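Undergrad: show me the folded form of this:
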Amino acid sequence: MATDLAQVAKAKGIKYFLVSFVDLFGALRAKLVPASAIKMMQRDGAGFAGFAVWLDMTPAHPDMFGRPDPDSLVQLPWNREVGWLAADLWMDGAEVEASPRVVLKRQVEKAAKLGYRMKSGVECEYFLISPDGSTISDPADAQSKPCYDQQALMRRFPVIRQICDAMLELGWGPYQNDHEDANGQFEMNWDYDDALVTADRHVFFKYMVKTIAEQHGYRATFMPKPFTNLTGNGCHAHVSVWDKTGAKNLFANAKDPLGLSPLAYQFLGGIMQHATSLCALFNPTVNSYKRINAPVTTSGATWSPNAVTYAGNNRTHMIRVPDAGRFELRLLDGSTNPYLAQAGILAAGLDGIEQQRDPGAPLHINMYTEGHTVKSAKKLPATLLDALRLFEKNKEMRAALGEDFVDSYIKLKMGEWREYTAHLSEWERRNTLDC
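TA: Modelled structure (predicted):
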């Protein structure tokens, strides 16, 4: 039997529930439901108009209902009268196949049928900035190499502590917080878990960080490249595949130089095969490509990949293997949709296993200084348009993620690209008025 949310509300003192979902652009949407009505919402779902959000629907479509997943419940640590719930979208008695959480669930189900269980963790970088978004929040945070700066970290201790205390209370297992490579930038790490759990927590983490930052008079942004001279916001994903019980790491192999099994290399081969087209999901905004293809920042490195390569414990590659039994995909940025990020990784990895894809040998070089010598490495897309075109033509990912989803995503994102290209920038005026 599913958890009775009405009984949970009474036991925990929850008076309201946020029944929420993430649309195709990664925007978090919700209805605020009083606890007295949650029994009905758990049965029937909270009603939404799909056309009103970034889903490929029209005003003529019937009502869409968000049915909350009780296992995703988070009681807000800063307001315990409110409970947050991730919801799955339904319409006409069936799940909306083109909705992000359902897209991920289908990949999880496919993996389970094959006896696999993907576990993952994410490293979510963010900036604390001024409310108007023009500058970082701390004028004294000005070192040219500010990474791990203790003074700057502790000047924002009240914010960092409140977020970390919240994760401790929720049982996420946070284990370190740091000032990142850019001025005003921070990162917080918590334990890895099953892909769907990690995605739900990723969604909530972004909401939590933004909310707590506002409470302290700041603004938090996960924008990939909010400042041209500073390192951008990555969202590195750590990935491993386990048996269906979750007890045995199928990626681990003590005899391999990198500690990876043949299955892990096949999974890795799938990621590398589809990385350029999956940039449409991993790097889904116009701004994303100012992080991937950025010039050297004030710290001396961008810390973002520029080609499809892998190595051992070497951060200049798209994929690094820091420890046995897992790898870190460094391609994703802060704007990635948490559900589509995990779905893309799993779909590509499963294709790699099915097709027994070979990632080739690791490259033990500094890609930032020697990358030009690797003629065989695929370059990452230069723009969102390039990524969308590659994704649209990727037959394997279409089949894996669903035609409806891919067509809807491409349609909406192409609209976003056209809106961007219709914008006249100051750079164009400055460089073209007198041509």
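
Undergrad: what's the weakest-modelled helix or strand in the chain?
TA: helix 367-370 (a mean of 91; mean pLDDT, DSSP states H and E).

Undergrad: list the buried residues for the helix or strand just after that helix?
TA: Counting by DSSP states H and E, the next helix or strand C-terminal to helix 367-370 is helix 384-393. For helix 384-393, the neighbour count (16 or more other CB atoms under 10 Å) marks 384-392 as buried. No exception for glycine: its C-beta is placed from N, CA and C like everyone else's.

Undergrad: excluding chain neighbours, what is closest to Asp44?
TA: Nearest residue to Asp44, sequence neighbours excluded (CB to CB, 6 or more residues apart in numbering): Phe65, at 6.4 Å.

Undergrad: next, give phi and psi for the one you found.
TA: Per-residue torsions, Phe65: phi -120, psi 130 (degrees, to the nearest 10).

Undergrad: who are the neighbours in contact with it?
TA: 44-48, 89-91 (CB atoms under 8 Å, 6 or more residues apart in numbering).

Undergrad: how close does it sit to Thr276?
TA: 37 Å (CB to CB, to the nearest Å).

Undergrad: again, but for Phe127
TA: 27 Å.

Undergrad: which one's more surrounded, these two?
TA: Phe127 (27 against 20; other CB atoms under 10 Å).

Undergrad: does that one sit in a helix, a strand or a coil?
TA: strand (DSSP: H, G, I helix; E, B strand; the rest coil).

Undergrad: you'd agree Lys413 is in a helix?
TA: Yes - Lys413 forms part of a helix when assessed by three-state DSSP.

Undergrad: list the strands paired with the strand or helix carrying Asp178, with their directions.
TA: Assignment of secondary structure by DSSP H and E places Asp178 within strand 176-179. Strand 176-179 sits in its sheet next to strand 185-189 (antiparallel), going by DSSP bridges.

Undergrad: contacting residues around the helix or strand following the partner strand?
TA: Toward the C-terminus, strand 185-189 is succeeded by strand 193-194 as the next helix or strand (DSSP H and E). Residues from elsewhere that reach strand 193-194, judged by CB under 8 Å, 6+ apart: 108, 117-121, 201, 246.

Undergrad: can you map out the helices along the stretch 1-150 of the chain?
TA: Assigned by DSSP state H, counting those that start in this stretch, the stretch 1-150 of the chain shows helices spanning 5-12, 38-44, 100-113, 150-155.

Undergrad: mind putting these into TSV with distance to Met223 and mean neighbour count?
TA: Putting these into TSV (distance: least, CB to CB, whole Å; neighbours: other CB atoms under 10 Å) gives the following:
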stretch	distance to Met223	mean neighbour count
helix 5-12	34	15
helix 38-44	33	17
helix 100-113	19	20
helix 150-155	20	15
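
Undergrad: dump these to CSV, plus distance to Glu426 and mean pLDDT.
TA: Output for those, formatted as CSV (distance: least, CB to CB, whole Å; pLDDT from 0 to 100):
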stretch, distance to Glu426, mean pLDDT
helix 5-12, 51, 98
helix 38-44, 48, 97
helix 100-113, 35, 98
helix 150-155, 31, 98
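
Undergrad: possible to save those helices as CSV with distance to Ile136?
TA: Listed next are those as CSV, based on distance: least, CB to CB, whole Å:
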stretch, distance to Ile136
helix 5-12, 37
helix 38-44, 40
helix 100-113, 31
helix 150-155, 10
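
Undergrad: relative to Ala237, which of the contacts of strand 193-194 is nearest.
TA: Ser120 (5.6 Å; CB to CB).

Undergrad: neighbours of that closest one, how many?
TA: Neighbours of Ser120 using other CB under 10 Å come to 24.

Undergrad: mind listing what it touches?
TA: By CB under 8 Å, 6+ apart, the neighbours of Ser120 are 192-193, 195, 198, 237-240, 342, 345.

Undergrad: repeat that with 7 Å
TA: 192, 195, 198, 237-239, 342 (CB atoms under 7 Å, 6 or more residues apart in numbering).

Undergrad: what's the separation between it and Ala87?
TA: Ser120 is 21 Å from Ala87, by CB to CB.

Undergrad: before we move on, what about Gln356?
TA: Distance from Gln356 to Ala87, by CB to CB: 38 Å.

Undergrad: also Asn337?
TA: Distance from Asn337 to Ala87, by CB to CB: 15 Å.
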